[in-house]
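Colleague: A predicted structure for the sequence below; I have some questions about it.
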Amino acid sequence: MASHVAEIALRKKISEESDNFYGETCDLGAIASRAFKDKVAQIRNLENIANSATRVADILDFIKRQTGRREQWREEQFGQKLLERLDSHLDEKAGKIFEDVAKKFTKQELEHGLEEDDRRRIHILLCREFIRHLSAHYLYTTGLETQQKGREDSHA
Amino acid sequence: MHEQDARLVYQEIDRRDYDLFQAAVQFSNNHGVLTSNQASGLLNVVHCEDNLNTILREFIQHQADKADKKTGQKTAFWKDLLREVEGLRKQADEIRQKLCLTTQTQKAQKEQLTEIQLLLVRDYVQHLVAHNVYRQALEGGKNNHDLA
């Protein structure tokens, strides 16, 4: 586990990266809204898995199983796109954060230096942040559509 | 295995899990898609059986023999899977050595190794079957070789 100094540096980098996810998850959130409509449980389950998993592969396996078993997950390639983002895209970002922090501080400053396991932790934390933003976009979009539908129904 | 040792082993397996995941995905991509029955059968055996030999010999080897008889062709999937699963013993030994797990006798050491290998096999098969479910839906009839 990273030292206190490294941990703060890692968390700061993860927060910065999380800000970028807002824009990246807009499209996926809209797709989720069209695919799942008001079936909130699908995205809630995804969030729960992401928050409780200690391994990225468990999150990816969950998405694969859902994509394989449920048609909604295959709509507009939602499952496939999500997998691609979480797997290769965020793995790359995790590697970059790991290298940036390792370069920025000397081994003495980091006390023990970064471990390979920190790279894995970064990846999981990035996945959680990504899914958190995705869930927010989905709920927002679905909420707006539900409200719009309610207005249309009342005018009809 | 002592509780303390078990905790260390689980942590070490977690560290290696992404590599195991990628290996399982690559294995699946290099072979045909299992039927749902075959995939769930494999997953059930691996999770319910505590005896590694039962998994290796009685299930996987049996599937390989069955496939040979039915199609008359060597079915690479089951034979290669057997090799992969047996190959995980080397990783199990690396884990045991890294964590400096000690045992009183050679027999106990062998049992400990088998226990760790079984944990690795379970994770490997979990990733393999999940990817199989995914491929089944996406590839459908395109690449659905009957491996029976």
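Modeller: All right, it came through fine.

Colleague: now do residue B:76 against residue B:27, distance only.
Modeller: From residue B:76 across to residue B:27, the span is 11 Å (CB to CB, to the nearest Å). Where you see a C-beta, it was placed from the backbone N, CA and C, and this is true even at glycine.

Colleague: between those two, tell me which one has more neighbours.
Modeller: Between residue B:76 and residue B:27, counted using other CB atoms under 10 Å in any protein chain shown, the more crowded position is residue B:27 (17 against 14).

Colleague: next structured bit after the helix or strand hosting the more buried one?
Modeller: According to DSSP states H and E, residue B:27 maps onto helix B:3-29. Remark: after helix B:3-29, the chain's next helix or strand is helix B:36-48, criterion DSSP H and E.

Colleague: can you name the next helix or strand after that following helix?
Modeller: Using DSSP H and E, the helix or strand that follows helix B:36-48 in sequence is helix B:52-53.

Colleague: and that next one, average pLDDT?
Modeller: For helix B:52-53, mean pLDDT rounds to 82.

Colleague: CA atoms only for the host helix or strand of residue B:82 - export them in CSV, please.
Modeller: Take DSSP H and E as the rule and residue B:82 turns out to sit in helix B:76-98. What follows is helix B:76-98, C-alpha atoms only, in CSV (Å, rounded to 0.1, in the frame of the first residue of the first chain):
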residue,chain,number,x,y,z
ALA,B,76,-8.6,-28.6,-28.6
PHE,B,77,-10.7,-26.7,-26.0
TRP,B,78,-10.8,-29.3,-23.3
LYS,B,79,-7.3,-30.6,-23.8
ASP,B,80,-5.9,-27.1,-23.7
LEU,B,81,-8.1,-26.2,-20.7
LEU,B,82,-6.6,-29.2,-18.9
ARG,B,83,-3.2,-27.9,-19.7
GLU,B,84,-4.0,-24.4,-18.5
VAL,B,85,-5.5,-25.7,-15.2
GLU,B,86,-2.5,-27.9,-14.6
GLY,B,87,-0.3,-25.0,-15.5
LEU,B,88,-1.8,-22.9,-12.6
ARG,B,89,0.1,-25.2,-10.2
LYS,B,90,3.3,-23.2,-11.1
GLN,B,91,1.5,-19.9,-10.1
ALA,B,92,0.3,-21.6,-6.9
ASP,B,93,3.9,-22.5,-6.1
GLU,B,94,5.1,-18.9,-6.8
ILE,B,95,2.5,-17.6,-4.4
ARG,B,96,3.5,-20.2,-1.7
GLN,B,97,7.1,-19.2,-2.1
LYS,B,98,6.5,-15.5,-2.2
